[in-house]
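Chemist: Generate a structure from the sequence data that follows.
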Amino acid sequence: MNVHLIAIGGSAMHNLAIAMHKKGFVVSGSDDEILEPSKSRLAKSNILPDSIGWNANRLHKGIDAVILGMHARADNPELLKAQELGLKIYSYPEYIFEQTKDKIRVVVGGSHGKTTITAMILHVLHYHNIDCDYLVGAQLEGFDTMVRITKEAKIAVIEGDEYLSSPIDRRPKFHLYNPNIAILSGIAWDHINVFPTFENYVEQFKIFIDLIEKNGSLIYCEKDNEVKKVCETTREDIRRFPYSIPEHRIENGISYLTSTSNDLKDEHVEVPLLIFGEHNLMNLNGARLVCNQLGIGDKDFYLAIQSFKGASKRLELVKKSNVSAMYKDFAHSPSKLKATTQAVKKQFEKRKLIACMELHTFSSLNEDFLKQYQGSMSLADEAIVYFNPHTIEHKQLKAISEDLVKKAFGGNNLKVYTNSKLLLDDLLKMNYDNQNLLMMSSGNFDGFDFKELAEKIIH
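Modeler: As a prediction, the model looks like this:
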């Protein structure tokens, strides 16, 4: 197979390119910008484009498949040439389905928790040496790439993002995978630039459920009212498995599962975890039910999950001492901020919490959407919101003010910054004895080195 990837430098796209190369395909690609770590990883596999930019001459009749990344535009010269030549053009989710259509496909959907649940399932499968293909939205410890596609694996575990598939395919990605086993973690309005109303957003999840294969399984979080509504009216041939927060206790900052399981009969077990927070515990319970569907009993699941450290940037511990800890998290939507802030506060009830988030996504910087953040960090002893006015200009959005942000979030414990250097200076001046710091963003606060920050504040 000869495949060409337009916009090969993207996070998912360059991982797909490497996966195809490992499968023995002839891989070529192009992009108008390739940054690290994509550049080095493509170079290591000898598939880094020889020049930056688009070149229609790269396309020829000998190419079996063209994979179009979201970063490309509909008028891309290579795309136009591929269309002119009549080549088969796929979005990357379409191509993932093409490569996994004869496998048992597990698709993890939901507004939050997708990466963590996918990572948990993969961790358990990997622990028990069960071969599988996968697509996950973060680099995981113990896995070389974020995408793996092989001939041999019988199972494919896919993180099902609801964002658009490609510039010429406006369907949400998770509509293209047709799962045998689906899991839905939660529904909280996101991607306002694509789904302008909450009703329109919820509709995408209804469609996702309708696309489950005949006699398939649907695992869903019954604690989420919207999820419960859309999942309890499914087709009769779909088996439903609800989940919620498992029984647990917290001692000295460590969470222990305390519930007994089906295959442990009446045996009472306590399972110590490296992760914490009600959201993570619900994710774990959902992952357990998925693994049950794949033939892994509770006893084997608990044995494996004890060593799960979490997915990258998902409530990830940066550094800790006996009296303080710093965590970073990908949280940026209102529901994620609330859940993550609550998790850290509840896990360390005797410590104060400084919760700091960056408004970085299109939705979060939208004046109309800002009011959705009301009370999302109210549990923090001190809440900080940062945004860069230049980012708003770059996204061609209406300017927002510090007062507008403060009013939207609400609470007397909130400070707003628009200067990242000033924010960093103030964070360094704080006393972290008996106090934790939580940094939340899908960006990096204009270049913060989180490890360096943690080294300076955690003694």
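Chemist: these two touch, right, Met439 and Lys328?
Modeler: Yes: here Met439 reaches Lys328: they are 4.7 Å apart, a contact under CB atoms under 8 Å. Every residue, glycine included, has its C-beta placed from N, CA and C.
Chemist: what touches both of these two?
Modeler: Listed as contacting both Met439 and Lys328 by CB atoms under 8 Å, 6 or more residues apart in numbering are Phe450.
Chemist: neighbouring contacts of the least confident helix or strand in the chain by mean pLDDT?
Modeler: Lowest by mean pLDDT, DSSP states H and E among the helices and strands of the chain is helix 389-394, with a mean of 85. Contacts of helix 389-394 with the rest of the structure, by CB under 8 Å, 6+ apart, involve His360, Leu365, Lys398, Ala399, Ile400, Thr418.
Chemist: In it, which of the residues would be classed as buried?
Modeler: Thr391, Ile392 (16 or more other CB atoms under 10 Å).
Chemist: continuing past it, what's the next helix or strand?
Modeler: Per DSSP states H and E, the first helix or strand lying C-terminal to helix 389-394 is helix 402-409.
Chemist: What helix or strand is Val385 located in?
Modeler: strand 382-386.
Chemist: just checking, what packs against that strand?
Modeler: If contacts are counted by 3 or more CB pairs under 8 Å, 6 or more residues apart in numbering; DSSP states H and E, strand 382-386 sits against strand 352-358, helix 402-409, strand 414-417, helix 420-429.
Chemist: please redo it, this time with the cut-off set to 7 Å
Modeler: strand 352-358, helix 402-409, strand 414-417 (3 or more CB pairs under 7 Å, 6 or more residues apart in numbering; DSSP states H and E).
Chemist: Could you say which of the ones you listed is packed most deeply?
Modeler: Of all the helices and strands packed on strand 382-386, strand 352-358 carries the top mean neighbour count, a mean of 24, counting by mean count of other CB atoms under 10 Å.
Chemist: buried set for stretch 429-436?
Modeler: Tyr432, Gln435, Asn436.
Chemist: send the alpha carbons of the least confident helix or strand of the chain over as PDB?
Modeler: Output in PDB follows, covering the C-alpha atoms of helix 389-394 (Å, rounded to 0.1, in the frame of the first residue of the first chain):
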ATOM      1  CA  PRO A 389      -5.500  38.900  24.400                       C
ATOM      2  CA  HIS A 390      -3.300  38.100  21.400                       C
ATOM      3  CA  THR A 391      -4.800  34.600  21.300                       C
ATOM      4  CA  ILE A 392      -8.300  36.100  21.000                       C
ATOM      5  CA  GLU A 393      -7.100  38.300  18.100                       C
ATOM      6  CA  HIS A 394      -5.500  35.300  16.400                       C
END
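Chemist: how close does the most centrally placed residue in the chain sit to Gln83?
Modeler: Nearest residue to the geometric centre of the chain (CA atoms, centre = their mean): Thr115, 3.9 Å. From Thr115 across to Gln83, the span is 34 Å (CB to CB, to the nearest Å).
Chemist: where along the protein do the helices fall?
Modeler: For the chain, applying DSSP state H gives helices covering 11-22, 38-44, 77-85, 92-100, 114-127, 198-210, 225-231, 278-293, 298-305, 334-347, 389-394, 402-409, 420-429, 450-457.
Chemist: Tell me which residues of the third one come out buried.
Modeler: Along helix 77-85, these residues count as buried under the neighbour rule (16+ other CB under 10 Å): Pro77, Glu78, Leu79, Lys81, Ala82.
Chemist: For these, could you give me CSV that also reports distance to Asp381 and pLDDT?
Modeler: CSV is the format used below for the buried residues of helix 77-85 (distance: CB to CB, whole Å; pLDDT from 0 to 100):
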residue, distance to Asp381, pLDDT
Pro77, 54, 97
Glu78, 52, 97
Leu79, 51, 97
Lys81, 58, 97
Ala82, 55, 97
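Chemist: What is the nearest of those residues to Glu270?
Modeler: Set against Glu270, the nearest of the buried residues of helix 77-85 by CB to CB is Leu79 (55.7 Å).
Chemist: Next, the contact list for the closest one, please.
Modeler: Listed by CB atoms under 7 Å, 6 or more residues apart in numbering, the contact partners of Leu79 are Ile6, Leu68, Ala72.
Chemist: re earlier: pLDDT and distance to Ile275 for the buried residues of stretch 429-436 - can I get that in CSV?
Modeler: Shown next, in CSV, are those (pLDDT from 0 to 100; distance: CB to CB, whole Å):
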residue, pLDDT, distance to Ile275
Tyr432, 94, 22
Gln435, 95, 22
Asn436, 96, 16
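Chemist: Next step: the residues you listed restricted to strands.
Modeler: Gln435, Asn436 (DSSP state E).
Chemist: Using PDB, list the CA coordinates for stretch 11-19.
Modeler: Extracted C-alpha coordinates of stretch 11-19, given in PDB (Å, rounded to 0.1, in the frame of the first residue of the first chain):
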ATOM      1  CA  SER A  11      -0.600  15.100  16.600                       C
ATOM      2  CA  ALA A  12      -2.900  12.300  15.400                       C
ATOM      3  CA  MET A  13      -1.700  12.400  11.700                       C
ATOM      4  CA  HIS A  14       2.000  11.900  12.400                       C
ATOM      5  CA  ASN A  15       1.200   9.000  14.700                       C
ATOM      6  CA  LEU A  16      -1.000   7.400  12.000                       C
ATOM      7  CA  ALA A  17       1.900   7.900   9.500                       C
ATOM      8  CA  ILE A  18       4.300   6.100  11.800                       C
ATOM      9  CA  ALA A  19       1.800   3.300  12.500                       C
END
